[in-house]
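Visitor: Test case, fold it:
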Amino acid sequence: QNLYRGYLDYDGALAELEVAAETLPNDAGVFELKGYILRRQGKQEEAVRSLERAIDLDPRNTFTLQQIALSYHHLRRFAEEKSVLDRALSIDPDNVDTKIARAFVEFDWKADTRPLHQMLDSIRAANPAATQGIPEAWLTCALAERDAVAAKNAVIAAGENPPLIDEAVNFSRPFIEGVIARMTKDSEKARAAFTSARAEQEKIIQAQPSYGPPLCVLGLIDAGLGRKEEALREGRRAVELLPVEKDPINGVAMTKYLAMIAAWVDDKDLACEQLAVAVRPPSRLTYGQLKLLPFWDPLRGDPCFEKIVASLAPK
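Guide: Reported below is the predicted structural model:
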C-alpha cells in the first residue's frame with residue numbers, strides 16, 4: 001500500500017505482493033491491490049484477471065465489483081461492465097454509486113441518456129438530500145441533453161466541490177458556468193465566467209507548477225477566451241508533464257484535453273490527431289461522450305471527427 005499510494009512505486013509494490021501471495025494465497029485484498037496497480041500501469045486485461053480472482057475469494061464485495069466494472073469500462077467491454085454492475089446491485093440494491101454507474105453504461109455505450117436521466121430522477125424523488133451525492137452525473141446528463149437549467153442546478157448542488165472531475169482533472173464552478181454559457185451561445189457570459197475561472201486556475205498552478213492536470217484546465221480556459229497560442233502551449237505542456245508512459249490513465253486524459261483545446265481554437269487537424277490517440281483502449285473516452293457532450297461541438301461535421309465517433313459506435 002505504501003509503495004503504491006505513497007511513492008507510486010508500482011514495480012516495487014507488485015514485487016511485495018508476489019511475496020504476500022505466497023503466504024496469503026486466499027487473501028482477496030492481495031489480488032485486489034494487485035489489480036489496482038496493474039490498472040495504473042495501463043495493464044487493464046491483467047488488472048481484470050487479478051480483480052476477478054479477488055472477487056472469487058470475496059464474492060459479495062461490491063466495491064471490488066465496481067472496480068471490475070471500471071476496468072471493463074476502460075476496455076469498452078460494456079456488456080460485461082453491465083453484467084458486473086447488475087451483480088453488485090443484486091447484493092446492495094440501494095447503492096447510489098452503483099445505480100449511477102449502471103445507468104451510465106447505456107450513455108457511454110449507446111449515447112442514450114434516458115436510463116441515466118430516469119435514474120437521477122428516481123434518486124432525487126426518493127431522497128431529495130441525495131442530490132448532494134449526484135451533481136457530477138446530473139451535470140453530465142444535463143449537458144448531454146443541452147438542458148441549461150438542469151446543468152445550472154447541478155452546479156449549485158455541487159456546492160463548494162468541483163462540479164466535474166475527470167480522473168485527476170478538476171473543473172471549477174466558473175469553468176462549468178462558462179461551458180454552459182457557450183452551449184447557450186451567450187458569449188458575454190462565457191467570457192466573464194472563463195475570466196473568473198482563469199484567476200482561480202492560475203493560483204492552483206502557482207502551487208503546482210509542474211503538474212499537468214491543472215495546466216490542461218488552464219489551456220481549456222484560455223481556449224474559451226480565444227487565447228489560441230497560450231491554450232495550445234498549455235495543453236502541450238500538460239501532455240509533456242504527464243505522458244501516457246508515466247501515467248497511463250491520467251496521461252490519456254491529458255491527450256484528450258489537448259484534443260479538446262485544439263477543437264476549441266479551431267485547429268481541427270491537431271484535435272483529430274490527438275483524439276485518435278486518446279480513444280485507443282484502455283481509455284475512458286466513449287462513443288456517448290463524443291456524440292453527446294457540448295465540449296466536442298466545434299468538431300461536429302468534420303469528416304475526421306465523425307469517423308472517430310463512428311468507430312466507437314456500438315456494433
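Visitor: Check for me that residue 266 belongs to a strand.
Guide: No: counting by DSSP: H, G, I helix; E, B strand; the rest coil, residue 266 falls outside a strand, being coil.
Visitor: which residues touch it?
Guide: Neighbouring residues of residue 266 by C-beta atoms under 8 Å, 6 or more residues apart in numbering: 228, 298. The way it works is simple: take the backbone N, C-alpha and C, and place the C-beta from them, glycine included.
Visitor: What of residue 149?
Guide: So residue 149 contacts nothing (C-beta under 8 Å, 6+ apart).
Visitor: Check residue 228 too.
Guide: Taking C-beta under 8 Å, 6+ apart, one finds 265-267 in contact with residue 228.
Visitor: one more time with 10 Å
Guide: 222, 261-262, 264-267 (C-beta atoms under 10 Å, 6 or more residues apart in numbering).
Visitor: Can I take it that residue 60 is in a helix?
Guide: No: the assignment for residue 60, made by three-state DSSP, is coil rather than a helix.
Visitor: distance of it from residue 92?
Guide: Using C-beta to C-beta, to the nearest Å, residue 60 is found at 9 Å from residue 92.
Visitor: would you list every one of the strands in the protein?
Guide: Counting by DSSP state E, one finds strands in the chain at the ranges 164-166, 169-171.
Visitor: need the contacts of residue 228 in JSON lines with distance to residue 13 and pLDDT, can you?
Guide: JSON lines is the format used below for the contacts of residue 228 (distance: C-beta to C-beta, whole Å; pLDDT from 0 to 100):
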{"residue": "222", "distance to residue 13": "38", "pLDDT": "98"}
{"residue": "261", "distance to residue 13": "34", "pLDDT": "98"}
{"residue": "262", "distance to residue 13": "36", "pLDDT": "98"}
{"residue": "264", "distance to residue 13": "38", "pLDDT": "98"}
{"residue": "265", "distance to residue 13": "40", "pLDDT": "98"}
{"residue": "266", "distance to residue 13": "44", "pLDDT": "97"}
{"residue": "267", "distance to residue 13": "40", "pLDDT": "97"}
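Visitor: tell me the centre residue of this protein?
Guide: In the chain, the centroid-proximal residue (C-alpha atoms, centre = their mean) is residue 166; its distance is 3.7 Å.
Visitor: where does the stretch 51-200 of the chain dip in pLDDT?
Guide: Across the stretch 51-200 of the chain, nothing is flagged by pLDDT under 70.
Visitor: For the closest residue in space to the residue nearest to the centre of the chain that isn't next to it in sequence, grab the count of nearby residues.
Guide: For residue 166, ignoring the flanking residues on the chain, the nearest one in space by C-beta to C-beta, 6 or more residues apart in numbering is residue 253 at 6.0 Å. The local packing of residue 253 (other C-beta atoms under 10 Å) involves 25 other residues.
Visitor: next one: residue 315
Guide: Using other C-beta under 10 Å: residue 315 sits among 3 other residues.
Visitor: you'd agree the residue nearest to residue 166 is up against residue 278?
Guide: Yes: Residue 253 is within contact range of residue 278, at 8.1 Å (criterion: C-beta atoms under 10 Å).
Visitor: Quick check: neighbours shared by those two?
Guide: 244, 284-285.
Visitor: most remote residue from this protein's center?
Guide: Outermost residue of the chain (C-alpha atoms, centre = their mean): residue 23, 36.6 Å.
Visitor: residue contacts, the residue nearest to residue 166?
Guide: Contacts of residue 253 (C-beta under 10 Å, 6+ apart): 166-169, 212-213, 216, 238-239, 242, 244, 247, 278, 283-285.
Visitor: try residue 186
Guide: Contacts of residue 186 (C-beta under 10 Å, 6+ apart): 148, 178, 180, 192-193.
Visitor: Excluding chain neighbours, what is closest to residue 164?
Guide: In space, residue 164 is closest to residue 171, 4.2 Å off (C-beta to C-beta, 6+ apart).
Visitor: tally of neighbours for the one you found?
Guide: 21.
Visitor: need the contact list for it.
Guide: Per C-beta under 10 Å, 6+ apart, neighbours of residue 171: 136, 139, 162-165, 178-179, 197, 201, 217, 220-221.
Visitor: Narrow the residues you listed to just the buried residues.
Guide: Buried members of those, scored by 16 or more other C-beta atoms under 10 Å, are 136, 139, 162-164, 178-179, 197, 201, 217, 220-221.
Visitor: Kindly reformat these as TSV and extend each row with distance to residue 291.
Guide: Listed next are these as TSV, based on distance: C-beta to C-beta, whole Å:
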residue	distance to residue 291
136	19
139	17
162	24
163	22
164	18
178	22
179	17
197	26
201	28
217	23
220	20
221	25
